[in-house]
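Undergrad: After the sequence you'll find the predicted model.
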Amino acid sequence: MFINSIRAFEGIVSEFVHLPSEAFEQSVFGCYDYDPFAAFLEFPVHMVRQNSNQLIATAFELVDSGVTDPVLIQVDPELIPPRTVYNGPFSQLG
């Protein structure tokens, strides 16, 4: 099951608490957003997190370079494997 946002994911998880853990044995979950608490769920969740640091750096590079024509730039998101806590610039803060 792929969930498109953290809000929808939270809604689904609130319903999952009523199910036995066996209900998730043959399931794979993914979410296009990141929530560090997902590492503590009874089932593994693959998460995709926007690379906001690179997005901001790229935006400033474009502004500083004076580009005025439309430009398409793709900044790849980060895949957060199940049962891990994101290791980012502020991860040591919790």
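TA: Alright, I've got the coordinates.
Undergrad: contacting residues around the closest residue to residue 82 other than its chain neighbours?
TA: Leaving out its chain neighbours, the residue that sits closest to residue 82 by Cβ to Cβ, 6 or more residues apart in numbering is residue 44, at 3.1 Å. All C-beta atoms are positioned from the backbone trio N, CA, C, and that covers glycine. If a contact means Cβ atoms under 8 Å, 6 or more residues apart in numbering, then residue 44 has 28, 29, 82, 83 as its contacts.
Undergrad: what's the longest helix in the chain?
TA: Secondary structure of the chain read by DSSP state H shows that its longest helix is helix 52-65.
Undergrad: quick one: which of the contacts of residue 44 is nearest residue 49?
TA: residue 82 (13.4 Å; Cβ to Cβ).
Undergrad: For that closest one, pull up the helix or strand it's in.
TA: Using DSSP states H and E, residue 82 maps to neither a helix nor a strand.
Undergrad: Based on its surroundings, how many neighbours for it?
TA: Neighbour count of residue 82, defined by other Cβ atoms under 10 Å: 15.
Undergrad: counting contacts, what elements does the longest helix of the chain pack onto?
TA: With contacts defined as 3 or more Cβ pairs under 8 Å, 6 or more residues apart in numbering; DSSP states H and E, helix 52-65 has no packing partner among the helices and strands.
Undergrad: Alpha carbons of that helix, as PDB, please.
TA: Taking Å, rounded to 0.1, in the frame of the first residue of the first chain, the C-alpha atoms of helix 52-65 are listed here in PDB:
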ATOM      1  CA  SER A  52      14.700  20.100   1.300                       C
ATOM      2  CA  ASN A  53      18.400  21.100   1.800                       C
ATOM      3  CA  GLN A  54      19.200  20.500  -1.900                       C
ATOM      4  CA  LEU A  55      15.900  22.100  -3.000                       C
ATOM      5  CA  ILE A  56      16.800  25.300  -1.100                       C
ATOM      6  CA  ALA A  57      20.400  25.300  -2.200                       C
ATOM      7  CA  THR A  58      19.400  24.900  -5.900                       C
ATOM      8  CA  ALA A  59      16.800  27.700  -5.600                       C
ATOM      9  CA  PHE A  60      19.500  30.100  -4.200                       C
ATOM     10  CA  GLU A  61      21.900  29.000  -6.900                       C
ATOM     11  CA  LEU A  62      19.300  29.900  -9.600                       C
ATOM     12  CA  VAL A  63      18.600  33.300  -7.900                       C
ATOM     13  CA  ASP A  64      22.300  34.100  -7.600                       C
ATOM     14  CA  SER A  65      23.100  33.200 -11.200                       C
END
